[in-house]
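**Student:** give me the fold of what follows.
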Amino acid sequence: MSYHYENVRLEKGMYGRSGRSFTQTLEELDPGERYRGTALEGLDAFQRQLKRFDIHVKGADSDPVEKFFHTTESSVLFPEFVSRVVRQGLEEGGILPDITATVTKFDGMDYRSIASVPTEEEKKLVPVAEGAAIPETTVRTQENLVKLQKRGRMLVASYEAIRFQRLDLFSVTLRQIGACIGKMHLQDAIKVLLEGDGNENPAEVVSLSGDLTYDALLEFWSKFDPYAMNTLLVGGDTMLKLLRLKEFKNPLTGLNFQGTGTLSTPLGARLLRTSAMPAGTIIGLDRHYALEQVVGGDVCVEYDKLIDRQLERAAITSISGFAKLFTDASKVLKPGAASGGTQG
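**Tutor:** Below is the predicted model of the structure:
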């Protein structure tokens, strides 16, 4: 049986098109609808090309890296393979999806988010009498642009050094690169939660005059109304202090941790540990309303170098930025802070 994907001509020019990824370009030339009811249904256009050139990228029987370079056309697939595996490492095991309310894809560097900042009077839940005006929610664009940051790693290796390595093993290194880029983006997100996104919206700081106690956490939790404190971000030092509190030694909390590896606080908030957090600091947030992630396209690789086997120094980058949606949906519990907190 002959398939349409076998007749698609692959070339370098399929990369770098404005507003179009390699996969989108490939999908236009080889639409998935053609394969409904066939053994190839469910595969995207890139995966069908791997099948065309008989390239196996997973498992103990995966092919060596050089399999991509058996033909000029099959070599065009290598940058997309690298990009996909790096993106997998960027996404798996990271906690960004657990603290972002929404992800916006934006093809550019100048992005303005929106904001709705109700007054205390507008927050009141008052009945609307017949003929009376309905309370308003005003949505406006932010005054300052969201800063998108390019984060990346340099892949340094000669083709001769990796050509005989199995793709499954090479993927481990690429996923680790993705994980490093993801951690950089997480650091950017935490900085925005703490300091704001440039629109005078830093997090309210709640003081902690003494040791970290359960009562301090309760007071912190109480300040989130009308939002819900459903997520806590902490560093390793603060995680140990929390776990030593007697309230965190509840048998049900321990049973959940042993069974799933997920820690929940007695307050019902998910506890997330990361080394990107400043020492002694806790960020509480309502993950449904606190943070927007702005993504400037897919993971970018220097496709020319990869296709031409010039791997000595090939950059792998990702562009992302963060905007605060509702300032009151995230707060900071910090030792030695000014009493009463601050609201920027």
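
**Student:** mind listing the strands the strand ranked longest in the chain pairs with, and their directions?
**Tutor:** Longest among the strand segments of the chain by residue count, using DSSP state E, is strand 314-324. Within its sheet, strand 314-324 is paired with strand 149-155 (antiparallel), strand 291-295 (antiparallel), strand 300-301 (antiparallel), according to DSSP bridges.

**Student:** TSV for these, including mean pLDDT?
**Tutor:** Conversion of the strands paired with strand 314-324 to TSV gives the following (pLDDT from 0 to 100):
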stretch	mean pLDDT
strand 149-155	92
strand 291-295	94
strand 300-301	92
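
**Student:** make CSV from these and add mean neighbour count and distance to D61 to it.
**Tutor:** All C-beta spots, glycine's among them, are computed from the backbone N, C-alpha and C. Listed next are those as CSV, based on neighbours: other Cβ atoms under 10 Å; distance: least, Cβ to Cβ, whole Å:
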stretch, mean neighbour count, distance to D61
strand 149-155, 17, 25
strand 291-295, 21, 34
strand 300-301, 22, 26
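
**Student:** so for D98, which of the ones you listed sits nearest?
**Tutor:** The closest approach between D98 and any of the strands paired with strand 314-324, judged by Cβ to Cβ, belongs to strand 291-295 at 10.6 Å.

**Student:** got a list of contacts for the closest one?
**Tutor:** Contact with strand 291-295 is made by 96, 99-106, 111, 113, 146, 148, 185, 189, 192-193, 285, 318-325, 330, as judged by Cβ atoms under 8 Å, 6 or more residues apart in numbering.

**Student:** which of these fall within strands?
**Tutor:** Using DSSP E, those in strands are 102-105, 111, 146, 285, 318-324, 330.

**Student:** any chance of a PyMOL selection covering the buried ones in the residues you listed?
**Tutor:** Selecting only the buried members of these in PyMOL, with burial defined as 16 or more other Cβ atoms under 10 Å, works like this:
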select buried, resi 111+146+285+318+319+320+321+322+323+324+330
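
**Student:** re the thing from before, now the strands paired with strand 314-324 as JSON lines including distance to K67?
**Tutor:** JSON lines is the format used below for the strands paired with strand 314-324 (distance: least, Cβ to Cβ, whole Å):
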{"stretch": "strand 149-155", "distance to K67": "18"}
{"stretch": "strand 291-295", "distance to K67": "31"}
{"stretch": "strand 300-301", "distance to K67": "18"}
